[in-house]
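> sequence plus predicted model, see below.
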Amino acid sequence: MANFAWSDKLTVKVRLLDEDHKRLLGFVSTLKELAHKGAGVREILGEVDHLLAFARTHLTHEETLMRRTAYPSFIPHKIEHDRLFREVEDFRKRLAGGQVMLNDDSLMAVYAGICDHIVAMDAPLGAWLSKHAKETVT
């Protein structure tokens, strides 16, 4: 059984972003619990909708911080946000259409996408924000 928990290896050293990332991964863990208890499609899709809604809030917050601090990698980071969000939206559509099952493999794709983004994109952002926006992100 896969573990979709937060790891300290994922910290970007910005408390607010780390808290958001923990919450995003918490949605994935909840989806795992729903899958293992045999929850119905309506309940599962409701949780995916919560994940998407929180992800949109989080991504908007990150993008606002990037704009306020003139983050030099804003455009590629924003493009990656849009791609990752579309990926989760597509996952939801495939779940709703019965084209994919909610299981450890499908959840691992979502989890890995989030974690890969945190490590590759958000860790450098965290370093930037620690230097350029300390008062707004601690």
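Arrived safely.
> in this structure, what helix or strand scores lowest on average pLDDT?
Lowest on mean pLDDT, DSSP states H and E among the helices and strands of the chain sits helix 134-137, with a mean of 59.
> host element of Trp6?
Trp6 belongs to no helix or strand when assigned by DSSP states H and E.
> make that Asp82, sorry
Assigned by DSSP H and E, Asp82 falls within helix 74-96.
> burial count for the residue nearest to Asn103 when sequence neighbours are not counted?
In this structure, Asn103 finds its nearest non-sequential neighbour in Ala35, 5.9 Å apart by CB to CB, 6 or more residues apart in numbering. Placement of C-beta: from N, CA and C, glycine included. Close neighbours of Ala35, defined as other CB atoms under 10 Å, add up to 16.
> what's the answer for Leu16, then?
Residue crowding around Leu16 was assessed by other CB under 10 Å; the count is 16.
> now it, what's its secondary structure?
Here Leu16 is helix, with the state taken from DSSP: H, G, I helix; E, B strand; the rest coil.
> report pLDDT for it.
With respect to pLDDT, Leu16 scores 94.
> distance of it from Gly26?
16 Å (CB to CB, to the nearest Å).
> helices of the protein, start to end?
15-37, 41-68, 74-96, 104-117, 123-132, 134-137 (DSSP state H).
> check which residues of stretch 107-117 are buried.
The neighbour-count check on stretch 107-117 (16 or more other CB atoms under 10 Å) flags 107, 110-111, 113-115, 117 as buried.
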